[in-house]
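# sequence and predicted structure are below.
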Amino acid sequence: MNAPQRNPVRAAFAYAGMVAGAVGLFLLIRRSGEMLSAADRTASARLAAAGPAGDTFWHLLVALAAVVIIGRSLGRVFRKIHQPPVIGEVVGGVLLGPSLLGAISPSAYHFILPPSVVPSLAIVSQLGVMLYMFLIGVELNPNLLRGQVHATVATSHASIVLPFVLGAGLALFLYPRFSTSDVQFTSFALFLGIAMSVTAFPVLARILSDLGMKKTELGTIALSCAAVDDVTAWCLLALVVGIVESSAESALSVTVLTLGFIVVMFVIVRPAIAARLRRVDDREPTRGAIAVTVVGLLASALLTEAIGVHAVFGAFLFGAVIPHNSKLAHALIQTFENLVTILLLPAFFAFAGMRTEIGLISTWSAWFACGLVIVAATIGKFGGTLVAGHFTGLSWRRAAALGILMNTRGLMQLIVLNIGLDLGIISPTIFTMMVLMALVTTIAATPVLQRLTRVTPFVTYARQPTLPYGVVQTDRVVPRID
């Protein structure tokens, strides 16, 4: 059946009449509406209308774009000198802060990172850290840990005790020179010891990934030690915060609730998720399944935040209870990894960089103190891990490699330092010293580990066999460390 013929002239007149009629009706409505009156807008309503969706949002977009560009550019530079690209992102955050950009061009610094953008950037950065820790947990292979539990716990705690004691001892030198009278020495010494003890779990994971060691036995031991290390350090940090706020009883409850939460996650939640995935894992995960997983991630993070331990550990634990070789795990990694590592995680480095002012270390005595911090942190972390690792069954060479990995710092240390700075336990000068210590120890890890393992970093030698469910692993070939 042929379509009815339309007269183009008639259609044009009909269209013009429709538009003219709409315009005429609007003019009549406008004429009537201008004779009406409405209530006056209050000051709070005007402020809400201006809100963060205006100038602040625009500056946030500029800041994120600058963070990505600088981070990726410096990542390429650091890759060429055999450093993990994540170091470029950390350094980029410091360079965008007052230490360089703020000193060279204050106008450019306030254009890219004005004070109004700090709260929004802080939220974005915390979200990035939380999602990245979740992905680390998803990729963790617990099968490589069989027979290594005692070594993991003993080594991680030994890597806390020695740097903690050295940090507390160093407080005798730092407190009268770089602290103030409103801070109690006990709080200062405890916090300094804890800050020395933290291992940068996410940065360590990035280094292992860039070296192709994340899924090796040594890499898994290092990640597990770092996880136990950081959970313990967070419990100790809760104790310090409780002492500062005159509530030591709450610190004990935080420790008990954290241990109970870990038990529930691995004894109840993990078997339930594994059983569910066994029933449906012959099919590709749906958007609904991924959405439910994200809700579980947020709930786990909220619970740990409510307990008093940082939300990132709830995110990591929930990721760790998802079977690493399932289709769901692969879909989660594909969905979030690029967004998190390229955009969200570098935002945290920019946020920390805004609070780092190298200009505060302006005298020889300050630089000497900064050197003492670096030496004490390195001796404590490396020495404690080396001795404990060897006496739990590792060869001296492997224990040394583990000590080098555990001496990496960065993201978690920056989180702890920001808490200390917010509470007033440490001064901006001590904060800057500790940030420099984190950078030096992390930058030193790759070349020293390369010499010890004789591995060429950041070079893909060959594609490895296909993993279950079609997941292709492209990790580098890593020599065995005996």
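Alright, I've got the coordinates. Quick caveat: nothing in here was measured; it's all calculated off a predicted structure.
# and the longest helix for the protein?
Longest helix of the chain, by residue count under DSSP state H: helix 149-178.
# now for that helix, which elements pack on it?
On a contact count with 3 or more CB pairs under 8 Å, 6 or more residues apart in numbering; DSSP states H and E, helix 149-178 meets helix 185-197, helix 217-244, helix 364-391, helix 396-406, helix 428-453. For the C-beta atoms, the positions are set from N, CA and C on the backbone; glycine is no exception.
# which one of the ones you listed lies closest to G353?
Between G353 and the helices and strands packed on helix 149-178, the shortest separation by CB to CB is 8.6 Å, and it involves helix 428-453.
# in the strand or helix carrying R278, what counts as buried?
Here R278 sits within helix 270-280, counting by DSSP states H and E. Within helix 270-280, the residues that count as buried by 16 or more other CB atoms under 10 Å are R270, I273, L277.
# list the contacts of L417.
A195, A352, I426, F431, M434, V435 (CB atoms under 8 Å, 6 or more residues apart in numbering).
# sorry, that was for L344
By CB under 8 Å, 6+ apart, the residues touching L344 are V124, S125, L127, G128, L131, Y132.
# in the stretch 151-300 of the chain, where is pLDDT below threshold?
151, 202, 206, 210, 214-215, 230-231, 234-235, 238-239, 241-251, 281-282 (pLDDT under 70).
# sorry, back to before: if we take the buried residues of helix 270-280, which one ends up nearest to R451?
R270 (38.6 Å).
# now that closest one: closest residue in space, sequence neighbours ignored.
Closest residue in space to R270, ignoring its immediate chain neighbours: V321 at 3.8 Å, by CB to CB, 6 or more residues apart in numbering.
# the one you found contacts M265, correct?
Yes - counting by CB atoms under 8 Å, V321 does reach M265; the two are 5.4 Å apart.
# excluding its backbone neighbours, what's nearest W367?
Spatial nearest neighbour of W367, chain neighbours left out: I361 (5.9 Å); criterion: CB to CB, 6+ apart.
# more neighbours: which of V321 and M265?
Per other CB atoms under 10 Å, whichever of V321 and M265 has more neighbours is V321, with 22 against 18.
# contacting residues for that one?
Contacts of V321 (CB under 8 Å, 6+ apart): G137, M265, F266, V269, R270, I273.
# report the secondary structure state of G97.
What DSSP: H, G, I helix; E, B strand; the rest coil gives for G97 is coil.
# quick one: which of the helices and strands packed on helix 149-178 is nearest A315?
Of all those, it is helix 217-244 that lies closest to A315, at 12.1 Å by CB to CB.
# for Y175, grab the count of nearby residues.
Y175 is flanked by 17 other residues according to other CB under 10 Å.
# separation between it and R409?
Plainly put, Y175 is 22 Å away from R409 if you go by CB to CB, to the nearest Å.
# secondary structure element for the residue nearest in space to the middle of the chain?
With distances taken as CA atoms, centre = their mean, V129 lies nearest the centre of the chain, 2.9 Å away. Element membership for V129 (DSSP H and E) is helix 118-139.
# for L345, see how far away N7 is.
Separation of N7 from L345 (CB to CB): 62 Å.
# more crowded one of those two?
For N7 versus L345, neighbours defined as other CB under 10 Å are more numerous around L345 (25 against 9).
# contacting residues around the residue lying closest to that one once chain neighbours are set aside?
Excluding the flanking residues, the one nearest L345 by CB to CB, 6+ apart is G128, at 4.4 Å. Residues counted as contacts of G128 (CB under 8 Å, 6+ apart) are V340, L343, L344, L345, P346, A347, F348.
# again, but for V124
V124 sits next to L60, L64, L344, A347 when contact means CB under 8 Å, 6+ apart.
# out of those, who has the most neighbours?
Compared across the contacts of V124, A347 has the highest neighbour count, 27 neighbours, by other CB under 10 Å.
# secondary structure element for that one?
With DSSP H and E as the test, A347 turns up in helix 345-354.
# helices or strands up against that helix?
Packing partners of helix 345-354 (3+ CB pairs under 8 Å, 6+ apart): helix 55-80, helix 85-95, helix 118-139, helix 411-423.
# those: which one's closest to L298?
helix 118-139 (8.7 Å).
# now that closest one: buried residues?
118, 120-121, 124-139.
# can I get the CA coordinates of stretch 369-386 in CSV?
C-alpha atoms of stretch 369-386 as CSV (Å, rounded to 0.1, in the frame of the first residue of the first chain):
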residue,chain,number,x,y,z
ALA,A,369,66.2,16.0,61.2
CYS,A,370,64.5,15.0,57.9
GLY,A,371,67.6,12.8,57.2
LEU,A,372,67.2,11.2,60.6
VAL,A,373,63.6,10.4,59.9
ILE,A,374,64.5,8.7,56.6
VAL,A,375,67.3,6.7,58.1
ALA,A,376,65.2,5.6,61.1
ALA,A,377,62.3,4.6,59.0
THR,A,378,64.4,2.6,56.6
ILE,A,379,66.4,0.8,59.3
GLY,A,380,63.3,0.0,61.3
LYS,A,381,61.1,-1.3,58.4
PHE,A,382,63.8,-3.1,56.4
GLY,A,383,65.6,-4.5,59.5
GLY,A,384,62.5,-5.8,61.2
THR,A,385,61.2,-7.5,58.1
LEU,A,386,64.6,-9.0,57.2
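# give me the residues contacting that stretch.
155, 158-167, 169-170, 173-174, 177-178, 196-197, 199, 225, 361, 396, 399-400, 402-404, 406-407, 409, 433-434, 436-437, 440-441, 444.
# quick one: buried ones out of these?
Buried subset of those (neighbour count, 16+ other CB under 10 Å): 155, 158-160, 162-167, 170, 174, 178, 196-197, 199, 225, 361, 399-400, 402-404, 406-407, 409, 433-434, 436-437, 440-441, 444.
# and the strand or helix carrying F336, average pLDDT?
Using DSSP H and E, F336 falls within helix 327-339. Average pLDDT, helix 327-339: 87.
# enumerate the positions of that helix that are buried.
Neighbour counts over helix 327-339 (16+ other CB under 10 Å) mark K327, L328, A329, H330, A331, L332, I333, T335, F336 as buried.
# could I get those as TSV with distance to F185?
Formatted as TSV, those follow (distance: CB to CB, whole Å):
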residue	distance to F185
K327	54
L328	50
A329	47
H330	51
A331	51
L332	46
I333	46
T335	48
F336	44
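# let me know the closest of those residues to L28.
Of all the buried residues of helix 327-339, T335 has the smallest distance to L28: 51.7 Å, by CB to CB.
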